[in-house]
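> Predicted model, plus sequence, below.
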Protein chains: 2
Amino acid sequence: MLEFTAEITEKGVTERAFTLDRPAEPVPGILWTPEGAAGPRPLVLFGHGGTQHKRVPNILALARRLVRHHDFAAVAIDLPHHGDRIPEAERGLSREERRERLGRRLFGRGRGETTQLAVGDWIATVDAVTDLPEIGAGGPVGYWGLSMGCAFGVPLIAGEPRIDAAVLGLFGWAEGSRLVGYDDLARAITVPLLFIVQWDDEVVDHHHAAELFGIFGSTRKTMHANPGGHVEVPLFERAAAEAFFAEHLGTAGAQAPAA
Amino acid sequence: MLEFTAEITEKGVTERAFTLDRPAEPVPGILWTPEGAAGPRPLVLFGHGGTQHKRVPNILALARRLVRHHDFAAVAIDLPHHGDRIPEAERGLSREERRERLGRRLFGRGRGETTQLAVGDWIATVDAVTDLPEIGAGGPVGYWGLSMGCAFGVPLIAGEPRIDAAVLGLFGWAEGSRLVGYDDLARAITVPLLFIVQWDDEVVDHHHAAELFGIFGSTRKTMHANPGGHVEVPLFERAAAEAFFAEHLGTAGAQAPAA
């Protein structure tokens, strides 16, 4: 079901493109592992944001750091309607037109269906990559997802006992909005969380993000808030995410986290 | 004016008790430096919380880490009405009675006077310890203070250009409260800040703390929020404060920050 389609190794990190067979459509993904990896290791799932894709710079950078510094594996997939899954007919659309369509699909009527599809894609991805001997089943699994990656991450983590820790954020909702069903999902999450908030977020009001932070059932949850807009998360939060995963998923390798 | 009264060296850290001559009353303090320190180094000031004193465990632990891991100097003083400065007549009072009196002095009518006294004590302390060759003038200075340590820290940092970075938190106020004068002081602060918030704080509502965070003039400010009450800041925030000071004050020594 998981078929590797390309492989490249750079500075000790092997990056393999793959396609995962799924009922609706094939899901394209990338798996990062240490060069010559053998035997089980912690795994981190990367859920990209809206209008982004599986290999945006912030995912690529953190995935490589987790592999290089901690001997982890990392995996990212194109989420529904994104990356290589953008329908043929929409490839010529402007960013604004794409955003509007995505808005309807993610937060309008299509939300339930798209979320279900994304969560199913993730579960199938975890099934497939933990079948590989260089990752293995039953080991620690983390999830990283901001904005749309958080929107899909909440229902995934709430219902998926294999996920042990998560970096979420840039997401929330006003009380009484149509996302109120999320409260129960957020409450059901009890794993350690690092939650990222941007104080001047023009997409998600920081009060709404803070409200979501307050709801999570986890006793170990930390919110990191910084000034700036939705896509201006400071680079030092990448180091914080790395240290968070190293702490909660264990370090397979010998190197200490970069400060 | 600064007179050392006791000295002990343990695990590479020299701890000296001192008394600083001040117009109102002598101010007792502690200075931590690396064993055999010579030549200038970064300095961090520690402002304790209400009902606490200069040598409470959280100050002692972080001060020692900054000296051991980063070759910094650290200094703490008993703030007005605290530690060795508790008036004779109040030494037999219960914690509750002490709290009530402190409340009147810090947030009631006595606030302006007590704040002015505390800020003056800090400026005199910085003057005196930066005269010592093992610290030196003109070098990087940090401030750490939560709760009452933040209440006094805001006016200190707003008016004291020698302070380059600060860890503050566990403090804030409701709009329209009698602390509104603080807004201008908070806005005047532009140095890098790490701001600590406890989500279930029974003394300072987390909404009010977040409001203060939003007001600071600093472009580099990060809020770390965790579940738990006023005095339940998780231990890992001590490591975050250490890394924050190491980043913003520079590291005199060779060791990397402990993860």
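Everything's here; your move. Remember, predicted model here, so these are calculated numbers, not experimental data.

> Show the backbone phi and psi for residue A:33.
Residue A:33 adopts backbone torsions of phi -140, psi 160, taken as degrees, to the nearest 10.

> how far away is it from residue A:40?
11 Å (CB to CB, to the nearest Å). Backbone N, C-alpha and C define where each C-beta goes, glycine included.

> More neighbours: which of the two?
The neighbour comparison of residue A:33 against residue A:40 (other CB atoms under 10 Å in any protein chain shown) goes to residue A:33, with 24 against 18.

> how about the residue nearest to that one when sequence neighbours are not counted, what does it touch?
Leaving aside its chain neighbours, residue A:33 sits nearest to residue A:73 (4.8 Å; criterion: CB to CB, 6 or more residues apart in numbering or on different chains). By CB atoms under 8 Å, 6 or more residues apart in numbering or on different chains, the contact list for residue A:73 reads A:31-34, A:37, A:41-44, A:67, A:129, A:134-135.

> Kindly state the beta-bridge partners for residue A:73.
residue A:43 (DSSP bridges).

> Same check on residue A:194?
Here residue A:194 shows beta-bridge partners residue A:167, residue A:222, assigned using DSSP bridges.

> Am I right that it is in contact with residue A:146?
No. The criterion here is CB atoms under 8 Å, and residue A:194 misses it with residue A:146 at 10.7 Å.

> Spit out the residues that contact these two alike.
A:167, A:168, A:169.

> The last one: how many residues sit nearby?
Think residue A:169. Neighbours of residue A:169 (other CB under 10 Å): 30.

> Check the first one too.
As a burial measure, the neighbour count of residue A:167 was computed by other CB under 10 Å and equals 29.

> got the CA coordinates for the worst-scoring helix or strand of chain A on mean pLDDT in CSV?
Of all the helices and strands that make up chain A, helix A:95-107 has the lowest average by mean pLDDT, DSSP states H and E, namely a mean of 78. Coordinates of the C-alpha atoms in helix A:95-107 are reproduced here as CSV (Å, rounded to 0.1, in the frame of the first residue of the first chain):
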residue,chain,number,x,y,z
ARG,A,95,-4.0,32.1,-4.1
GLU,A,96,-7.1,34.1,-3.1
GLU,A,97,-9.5,31.9,-5.1
ARG,A,98,-7.8,28.8,-3.6
ARG,A,99,-8.2,30.2,-0.1
GLU,A,100,-11.9,30.9,-0.6
ARG,A,101,-12.5,27.4,-1.8
LEU,A,102,-10.5,25.9,1.0
GLY,A,103,-12.4,28.0,3.5
ARG,A,104,-15.7,26.5,2.4
ARG,A,105,-14.2,23.0,2.5
LEU,A,106,-12.5,23.3,5.8
PHE,A,107,-14.9,25.5,7.8
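
> In it, which residues are buried?
A:98, A:101, A:102, A:105, A:106, A:107 (16 or more other CB atoms under 10 Å in any protein chain shown).

> And for stretch A:184-196?
In stretch A:184-196, counting by 16+ other CB under 10 Å, buried: A:185, A:186, A:189, A:191, A:192, A:193, A:194, A:195, A:196.

> for the host helix or strand of residue A:16, packing partners?
Using DSSP states H and E, residue A:16 maps to strand A:13-20. Counting contacts by 3 or more CB pairs under 8 Å, 6 or more residues apart in numbering or on different chains; DSSP states H and E, strand A:13-20 packs against strand A:2-10, strand A:27-34, helix A:57-70, helix A:111-129.

> One more pass at 6 Å, please.
When contacts are defined as 3 or more CB pairs under 6 Å, 6 or more residues apart in numbering or on different chains; DSSP states H and E, strand A:13-20 packs onto strand A:2-10, strand A:27-34.

> possible to save the ones you listed as a markdown table with mean pLDDT?
Output for the helices and strands packed on strand A:13-20, formatted as a markdown table (pLDDT from 0 to 100):
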| stretch | mean pLDDT |
| --- | --- |
| strand A:2-10 | 97 |
| strand A:27-34 | 98 |
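
> Tabulate the ones you listed (CSV), appending distance to residue B:54.
Shown next, in CSV, are the helices and strands packed on strand A:13-20 (distance: least, CB to CB, whole Å):
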stretch, distance to residue B:54
strand A:2-10, 53
strand A:27-34, 48
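
> Select, out of these, the one closest to residue B:203.
For residue B:203, the closest of these is strand A:27-34, at 45.4 Å, according to CB to CB.

> What pairs with that closest one, parallel or antiparallel?
Checking strand A:27-34 against DSSP bridges gives partners strand A:13-20 (antiparallel), strand A:73-77 (antiparallel).

> Kind regards, and thank you for your time.
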